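1. Okay, sequence plus prediction incoming.
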Amino acid sequence: ALNFANAAKGPGGRGYVVGGKLATSGDTITAGSLRLWLFTAAPTMVGDANEYGLLTTEREECIGYLDFTLEVEGTTAGNAAIAFNHSVRIPFVCPTTDADLYGVLVAEAAFVPTSAQTFFIELSMECN
C-alpha cells in the first residue's frame with residue numbers, strides 16, 4: 001500500500017483531501033484511467049496484475065477515491081504522462097495511533113505499464 005505520512009497534524013487528526021496529482025515516467029499511455037483508493041489504515045494488498053476489490057472488513061477505513069486520466073503533452077519521446085483531480089473534498093479522521101493515510105492505485109481499464117515505469121502521487125489536503 002502507498003503511505004502518505006503525516007497527512008494530519010498528529011494522531012487522531014482530521015482534515016479533507018481536496019485534490020491530487022498523478023504523474024508517471026511512461027509516455028506510452030493506451031488506457032490511462034486510474035483510481036486511487038484512500039484509507040485511514042493500511043489495506044490488504046492483492047498481487048500485481050490481479051483484480052482489486054474493496055474488502056468488507058476495510059469499509060470503515062476506506063474514505064473515498066480520486067480518479068485520474070493520464071495524458072501526454074507533446075510528441076517528444078520521454079515526456080511524462082500526468083493527470084490532476086481537484087474536484088473532490090474527502091473528509092478523513094486519522095486513528096489515534098498515527099497521522100497517516102494509505103492508498104491503492106488501481107487501473108480502471110486495460111493498462112500495460114512500460115518496463116520500470118514509475119508513478120508519482122501527490123495529495124492536496126486541508127488539515128484541521
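-> All right, it came through fine.

2. in its sheet, what does the helix or strand bottoming out on mean pLDDT in the chain sit against?
-> In the chain, the helix or strand scored least confidently by mean pLDDT, DSSP states H and E is strand 71-72, which has a mean of 76. Applying DSSP bridges, strand 71-72 is found paired with strand 81-85 (antiparallel).

3. Which neighbouring elements make contact with the following helix or strand past the strand it pairs with?
-> The first helix or strand that comes after strand 81-85 along the chain, using DSSP states H and E, is strand 90-93. Under the contact definition 3 or more C-beta pairs under 8 Å, 6 or more residues apart in numbering; DSSP states H and E, strand 90-93 sits against strand 14-24, strand 62-69. C-beta coordinates here come from the backbone N, C-alpha and C atoms, glycine included.

4. Include distance to Val46 when you put those into TSV, please.
-> Formatted as TSV, these follow (distance: least, C-beta to C-beta, whole Å):
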stretch	distance to Val46
strand 14-24	20
strand 62-69	15
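
5. so what's the residue nearest to the spatial centre of the chain bridging to?
-> Compute the mean C-alpha point of the chain, and by C-alpha atoms, centre = their mean the closest residue is Leu36, 3.2 Å away. With DSSP bridges applied, Leu36 shows beta-bridge pairing to Leu66, Leu105.

6. Tell me how far it lies from Phe120.
-> Separation of Leu36 from Phe120 (C-beta to C-beta, to the nearest Å): 12 Å.

7. Next, show the common contact partners of these two.
-> Common contact partners of Leu36 and Phe120 (C-beta atoms under 8 Å, 6 or more residues apart in numbering): Leu22.

8. if we can go back for a sec, how about the helices and strands packed on strand 90-93, which one is nearest Ala41?
-> Smallest distance to Ala41 across these (C-beta to C-beta): 9.4 Å, for strand 62-69.

9. Show me which residues of the closest one are buried.
-> Buried residues in strand 62-69, defined by neighbour count with 16 or more other C-beta atoms under 10 Å: Cys62, Ile63, Tyr65, Leu66, Phe68, Thr69.

10. for stretch 95-103, same thing?
-> Residues of stretch 95-103 classed as buried: Asp98, Ala99, Asp100, Leu101, Tyr102, Gly103 (neighbour count, 16+ other C-beta under 10 Å).
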